[in-house]
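Undergrad: Sequence first, then the predicted structure:
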Amino acid sequence: MARGLGVVAWDDVTGAPLAGFTSPSFVGAAYSIATDGTKVYVGGFNGVLVAMDAATGAQVWSQTVTGSAVAVYALALSGPTIYVGGRFTGVGGQPRNDVAALDAATGALKAWNPNSGSVVMALATDGSTVYAGGSFTTMGGQPRNRMAAIDAASGAVSAWNPNADAIVYALAVSGSTVYAGGAFNSIGGQPRNRIAALDASTDARVATASRLLADLARKCRPIGRPIGKGGAKTVHGQVAAPHPVQQVQ
């Protein structure tokens with residue numbers, strides 16, 4: 001039962017690797033995965049960015065990602081578009097600073113170009129807005145400390161500005177709330193140790209702890225679709241993968 005380096009699909013009942021799923025071999029770790037049920041998108045070390053058939057693991061397309069110490073840390077899927085975040089300066093031979101959008105079917109680079117000032121470690125989208133987290137202090141030429149909201153169609157950066165005081169490693173969005181995790185101690189000038197809930201649409205007021213717990217309790221239920229007959233579960237088309245332990249400047 002063959003398995004590709006860094007990616008395996010498993011039966012969600014037995015936990016056994018799925019027969020017939022063999023991914024392409026990668027040079028180094030896979031850091032991020034997203035799926036729409038028919039394709040699996042993988043980003044990782046050394047600029048790995050590929051789409052695979054969800055049932056067989058056969059490569060559907062690959063895209064060239066370039067830069068110094070290049071890596072793809074985050075993927076977010078919405079309809080026909082896959083959003084990509086990481087440490088890079090080019091995608092598909094075109095300049096893109098740490099965030100980009102591709103056609104999910106073909107891998108072709110889209111015109112969407114928010115132009116992050118530094119590394120993007122996390123992405124989440126509700127379909128109309130893409131939320132980014134990382135080590136950046138600017139997005140689209142505007143001051144944004146480690147979190148930003150970007151129009152999913154145009155790439156324009158919105159006024160939403162939570163102002164985290166340290167790196168944001170993880171994001172999830174549900175309804176009117178954005179959840180953030182990272183190394184921060186405050187967001188929006190309020191103390192929040194490493195996890196916070198934010199208003200997704202207005203002025204990014206930090207939600208109270210009681211609201212956070214209530215929302216998590218309500219939303220933590222089995223959801224998602226498997227890869228092939230089983231496999232990685234998805235939330236809004238995204239599968240979280242742990243980031244490597246490192247210091248990002």
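TA: Received, thanks.

Undergrad: show me where this structure has helices.
TA: For the chain, the helices identified by DSSP state H occupy 209-219, in order along the chain.

Undergrad: so where is the protein shaky, pLDDT-wise?
TA: Per-residue confidence for the chain (pLDDT under 70) gives these ranges: 1-6, 203-249.

Undergrad: mind running it again at 80?
TA: 1-8, 10, 23-28, 202-249 (pLDDT under 80).

Undergrad: what about the residue lying closest to Val120 once chain neighbours are set aside, how many neighbours?
TA: Ranked by C-beta to C-beta, 6 or more residues apart in numbering and with sequence neighbours excluded, the top spatial neighbour of Val120 is Gly85, at 3.2 Å. Placement of C-beta: from N, CA and C, glycine included. Residues within reach of Gly85, counting by other C-beta atoms under 10 Å, total 29.

Undergrad: Who are the contact partners of Gly85?
TA: When contacts are counted by C-beta atoms under 8 Å, 6 or more residues apart in numbering, Gly85 touches 72-76, 98-99, 116, 120-123, 132, 134.

Undergrad: close enough to count as contact, Gly188 and Asp165?
TA: No: using C-beta atoms under 8 Å, Gly188 is not in contact with Asp165; the gap is 10.0 Å.

Undergrad: The residue nearest to Val120 bridge partners, please.
TA: Applying DSSP bridges to Gly85 gives these bridge partners: Ala74, Val99.

Undergrad: Please report the distance of it from Gln59.
TA: Distance of Gly85 to Gln59, given as C-beta to C-beta, to the nearest Å: 22 Å.

Undergrad: and what of Ala122?
TA: For Ala122, the distance to Gln59 equals 26 Å [C-beta to C-beta].

Undergrad: Which of the two has more residues huddled nearby?
TA: A count of neighbours by other C-beta under 10 Å puts Ala122 above the other of Ala122 and Gln59, at 26 against 14.

Undergrad: Quick check: beta-bridge partners of that one?
TA: Checking Ala122 by DSSP bridges, which sets the bridge assignment, gives partners Gly133.

Undergrad: so what's it up against?
TA: Under the criterion of C-beta under 8 Å, 6+ apart, the contact list for Ala122 reads 73-74, 85, 132-134, 168-171, 180.

Undergrad: ranking the contacts of Gly85 by neighbours, who comes first?
TA: Gly134 (32 neighbours).

Undergrad: give the contact list for that one.
TA: Each residue near Gly134 by C-beta under 8 Å, 6+ apart is listed here: 73, 85, 98, 116, 118-122, 146, 167-168, 248.

Undergrad: Over to Val84?
TA: By C-beta under 8 Å, 6+ apart, the neighbours of Val84 are 43, 49, 65, 72, 74-75, 91, 99-102, 123.

Undergrad: run the last query once more with 7 Å
TA: Residues in contact with Val84 (C-beta atoms under 7 Å, 6 or more residues apart in numbering) are 43, 49, 72, 75, 99-100, 102.

Undergrad: now do Ala200
TA: Taking C-beta under 7 Å, 6+ apart as the contact definition, Ala200 lies against 126, 173, 176-178.

Undergrad: would you turn those into a markdown table with neighbour count and distance to Asp11?
TA: Supplementary listing: the contacts of Ala200 in a markdown table, determined by neighbours: other C-beta atoms under 10 Å; distance: C-beta to C-beta, whole Å:
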| residue | neighbour count | distance to Asp11 |
| --- | --- | --- |
| Asp126 | 19 | 31 |
| Val173 | 24 | 29 |
| Ser176 | 13 | 36 |
| Thr177 | 18 | 33 |
| Val178 | 26 | 33 |
